[in-house]
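Visitor: Structure of the sequence below:
(2 chains)
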Amino acid sequence: MSNIHSAFEKGKAFIPFLTCGDPDLETTAACVRECVKAGASIIELGIPFSDPTAEGPVIQGASLRALRGGVTTDRVFDLVRELRKDVSVPLVFMTYANVVFSYGAEKFISACQRTGIDGLILPDIPYEERGEFAPLCERYGVDLISMIAPTSENRVAMIAREARGFIYLVSSLGVTGVRQEITTDVGAIVRVIRENTRLPVAVGFGISTPEQARKMASLSDGAIVGSAIVRLIERYKQDAPRYVGEYVRGMTEHLDYT
Amino acid sequence: MTNGRFGIHGGQYIPETLMNAVIELEEAYARFKDDTDFNKELTYLFNEYAGRPSRLYYAEKMTKDLGGAKIYLKREDLNHTGAHKINNVLGQALLAKKMGKTRLIAETGAGQHGVATATAAALMGMECVVFMGEEDTKRQALNVYRMRLLGAEVIPVTTGTATLKDAVSEAMREWTRRIADTHYCLGSVMGPHPFPTIVRDFQAVISREIKQQLQEKEGRLPDAVLACVGGGSNAMGSFYHFIGDPSVRLIGCEAAGRGVDTFETAATIATGKLGIFHGMKSYFCQDKYGQIAPVYSISAGLDYPGIGPEHAWLHDTGRAEYVPVTDEEAVNAFEYLARTEGIIPAIESAHAVAHAMKIAPKMDRDKLMVITVSGRGDKDCAAIARYRGEDLHE
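Guide: Have a look, this model is predicted:
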């Protein structure tokens, strides 16, 4: 059983997302440690990509700031090595296919294993293109995480059966970013997923408030929050870690009541 | 890996949110592409509305002046809306209508595809939203006005380099937001399957006509076909029916900007490497970590860091050649064709004219060359004047 699976065994999971290198890698490292202290179950580390087509303006902005600051895939691996000296919660990368492909898929995925990355989320690799990276992920014990969307409909069962780690259920249409309201019938999609896999399901996209997180987690196994955290980092820059810690604590404490 | 491959290129590298939309499109296209009524309607629109077939014009003065191959110009610039873009758009808009879609979204670089999409939307009573890099809205202000006049909403894209690639990204993002009533009318032979195939098929009318027209005029195949390549739709359309005729040289002319040895270039085959972006595996201008390079060309329509997957495959197999052409060479050709033949080509098309000027003199006089003039150059006059140091206000 992977580390990711065990992260869901202590109640509802809270999964924060951080763009590596925004505003710099030292701040990212400090934010990761604050997230761990605040009770995060898994941490999603974004490797910035120049043209992130699944992201809204907040994470697009963070990606560009990080790249302008000189962040590279190699430096992100260095960050992970450094974090793994004391951080034991599962870490997953979220990036785009070209970042993995251009690094050399085997070199990238074997480096994930060596540095202690548990999973990989690639929003531009749908079920049909899993073959690009899935065999290497299997070989090196890195979970290639599948996404399911409100438009997946007849595809849910097929995706769920092949999935690894956890299922990333996209809460709504569109790109990442804070939303006032989530109108998708998340519960109904989760039911179909449950019929086809025993993997945990976490819901992401559009979640920012403790109430939204609690609602989504009550329908699934956990909540993923990206843009709301990235926005705090954009605002507080090098001072962001403690604000991120406070925010994550607010979320995890709220989830514990479910 | 299954769908829509050209060798190793192509595929469907898109968010799960869009997968059912592209599958729906693929199924609809399979249903309609050989449907008699659909093709009758499309041919009617091509002929009566867009003004096809476009002329294959013998450029006698240019031929004599260059002193080599006999040069024909495929006049896609004479189509309604002034470029080849209308061929693809009429096909896709008709398909979208059959699928019950009521709204078209599109990206545009030079504005020609945006204008064509806005035109088809007006004709077919559909809503239209066009994404255009802010930088390009400035370079092509007249086309922005034309789109608005046609009833489209133009959204300037400020992210990234604010050019064509960012317009594509933003159109993709918009499609994930609103799928049920919306068709993404992609403008080139790129993106996820089935777009490269659909766009190629609708543009293939160009080579179908060239083949027939040259047969009538010369009784034989051309020796060389030249077209400019950004994403590569007019080139793919110009090449397609000649791929099986190995005696025909197929030459794609890429935008080298200030030169392939500078960072200010958009020549993907010359300077790019294999990657995955905008839904496809193909060649892209990128750095060693796979970050997409900010490309540059004087031509907003060729200012794209990638190339369609079928071109990538034609390059791999050696069936087509891809050559870089600089801004300076393209501008010279733009002026040359205007003065020599009285035809002002789009600055995009001028890249193909420029390469023809290099190779035609070296070819024997009994050789036949076809250059696709993909669009007309009225939209470029102000920019070329500025390039020559003249401040022209539109």
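Visitor: Next one: A:Glu106 relative to A:Pro135, how far apart?
Guide: 10 Å (CB to CB, to the nearest Å). Every C-beta, even on glycine, is put in place using the N, C-alpha and C of the backbone.
Visitor: Pick out the residue closest to the middle of the chain.
Guide: Went with chain A since none was named. Closest residue to the average C-alpha location of chain A: A:Glu44 at 3.7 Å, with CA atoms, centre = their mean.
Visitor: nope, chain B
Guide: B:Ser233 (3.7 Å).
Visitor: contacting residues for the residue in the stretch 1-150 of chain A positioned nearest to chain B?
Guide: The stretch 1-150 of chain A approaches chain B most closely through A:Ser102 (2.9 Å), counting by CB to the nearest CB. A:Ser102 is in contact with B:273, B:275, B:286, B:288-290, counting by CB atoms under 8 Å, 6 or more residues apart in numbering or on different chains.
Visitor: Return the members of those classed as buried.
Guide: Listed as buried from the contacts of A:Ser102 are B:275, B:286, B:289-290; burial here means 16 or more other CB atoms under 10 Å in any protein chain shown.
Visitor: Can you pick out the most distant pair from those residues?
Guide: Pairwise distances across the buried ones among the contacts of A:Ser102 (CB to CB) peak at 10.9 Å, for the pair B:Gly275 and B:Tyr289.
Visitor: returning to what we had before: please go through the contacts of A:Ser102 and note which also touch chain A.
Guide: Taking CB under 8 Å from any CB of the partner chain as the test, chain A is in contact with B:273, B:275, B:286, B:288-290 out of those.
Visitor: Pipe those into JSON lines and attach pLDDT and distance to B:Thr36 per row.
Guide: What follows is these, written out as JSON lines (pLDDT from 0 to 100; distance: CB to CB, whole Å):
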{"residue": "B:Lys273", "pLDDT": "97", "distance to B:Thr36": "44"}
{"residue": "B:Gly275", "pLDDT": "98", "distance to B:Thr36": "41"}
{"residue": "B:Gln286", "pLDDT": "97", "distance to B:Thr36": "44"}
{"residue": "B:Lys288", "pLDDT": "97", "distance to B:Thr36": "52"}
{"residue": "B:Tyr289", "pLDDT": "98", "distance to B:Thr36": "51"}
{"residue": "B:Gly290", "pLDDT": "98", "distance to B:Thr36": "46"}
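Visitor: Which members of the residues you listed occur in helices, if any?
Guide: Among these, none falls in helices (DSSP state H).
Visitor: And these, which is closest to A:Ile233?
Guide: Nearest member of the ones next to chain A among the contacts of A:Ser102 to A:Ile233, counting by CB to CB, is B:Tyr289, at 21.8 Å.
Visitor: what sits against the closest one?
Guide: By CB under 8 Å, 6+ apart, the residues touching B:Tyr289 are A:72-74, A:99, A:102-103.
Visitor: Then A:Pro200?
Guide: A:Pro200 makes contact with A:5, A:8, A:13, A:166-167, A:220-222, according to CB under 8 Å, 6+ apart.
Visitor: Turn these into a markdown table, including secondary structure, distance to chain B and pLDDT.
Guide: Listed next are those as a markdown table, based on DSSP: H, G, I helix; E, B strand; the rest coil; distance: CB to the nearest CB, whole Å; pLDDT from 0 to 100:
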| residue | secondary structure | distance to chain B | pLDDT |
| --- | --- | --- | --- |
| A:His5 | helix | 22 | 90 |
| A:Phe8 | coil | 21 | 95 |
| A:Ala13 | strand | 21 | 97 |
| A:Phe166 | coil | 15 | 98 |
| A:Ile167 | strand | 11 | 98 |
| A:Ser220 | coil | 16 | 97 |
| A:Asp221 | coil | 19 | 97 |
| A:Gly222 | strand | 19 | 97 |
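Visitor: So the residue of chain A positioned farthest from its centre: helix, strand or coil?
Guide: Distance from the centre of chain A peaks at A:Asn154, with 24.5 Å (CA atoms, centre = their mean). Following DSSP: H, G, I helix; E, B strand; the rest coil, A:Asn154 is assigned to helix.
Visitor: That one and chain B, how far apart?
Guide: Separation of A:Asn154 from chain B (CB to the nearest CB, to the nearest Å): 8 Å.
Visitor: how about the host helix or strand of A:Ala29, does it reach chain B?
Guide: For A:Ala29, the host element (DSSP states H and E) is helix A:25-37. No - remark: helix A:25-37 sits outside contact range of chain B, by CB under 8 Å from any CB, the gap being at least 14.8 Å.
Visitor: Does anything pack onto the helix or strand that that helix is followed by? Which helices or strands?
Guide: Per DSSP H and E, the first helix or strand lying C-terminal to helix A:25-37 is strand A:43-46. Under the contact definition 3 or more CB pairs under 8 Å, 6 or more residues apart in numbering or on different chains; DSSP states H and E, strand A:43-46 sits against strand A:13-19, helix A:25-37, helix A:57-68, helix A:73-83, strand A:91-94.
Visitor: any idea how far strand A:43-46 is from the chain center?
Guide: Centroid displacement of strand A:43-46 relative to its chain, using CA atoms, centre = their mean, to the nearest Å, is 5 Å.
Visitor: What strands line up against that strand, and which way round?
Guide: Using DSSP bridges, strand A:43-46 pairs in its sheet with strand A:13-19 (parallel), strand A:91-94 (parallel).
Visitor: contacting residues around that strand?
Guide: A:15-20, A:28, A:32, A:35-36, A:59, A:62-63, A:76, A:79-80, A:89-95, A:117, A:121, A:224, A:226.
Visitor: Could you do stretch A:56-64 as well?
Guide: Residues outside stretch A:56-64 that contact it (CB under 8 Å, 6+ apart): A:17, A:19, A:22, A:46, A:48-50, A:52, A:55, A:174-178, A:226-227, A:230-231, A:233-234, B:159-160, B:173.
Visitor: So what pairs up with B:Val229 in the strands?
Guide: Beta bridges link B:Val229 to B:Glu254, judged by DSSP bridges.
Visitor: How about the contacts made by the closest residue to B:Gly232 other than its chain neighbours?
Guide: What sits nearest to B:Gly232 in space, not counting adjacent residues and going by CB to CB, 6 or more residues apart in numbering or on different chains, is B:Gly308, at 4.2 Å. For B:Gly308, the contacting residues are B:188-190, B:196, B:200, B:231-233, B:236, B:280, B:282, by CB under 8 Å, 6+ apart.
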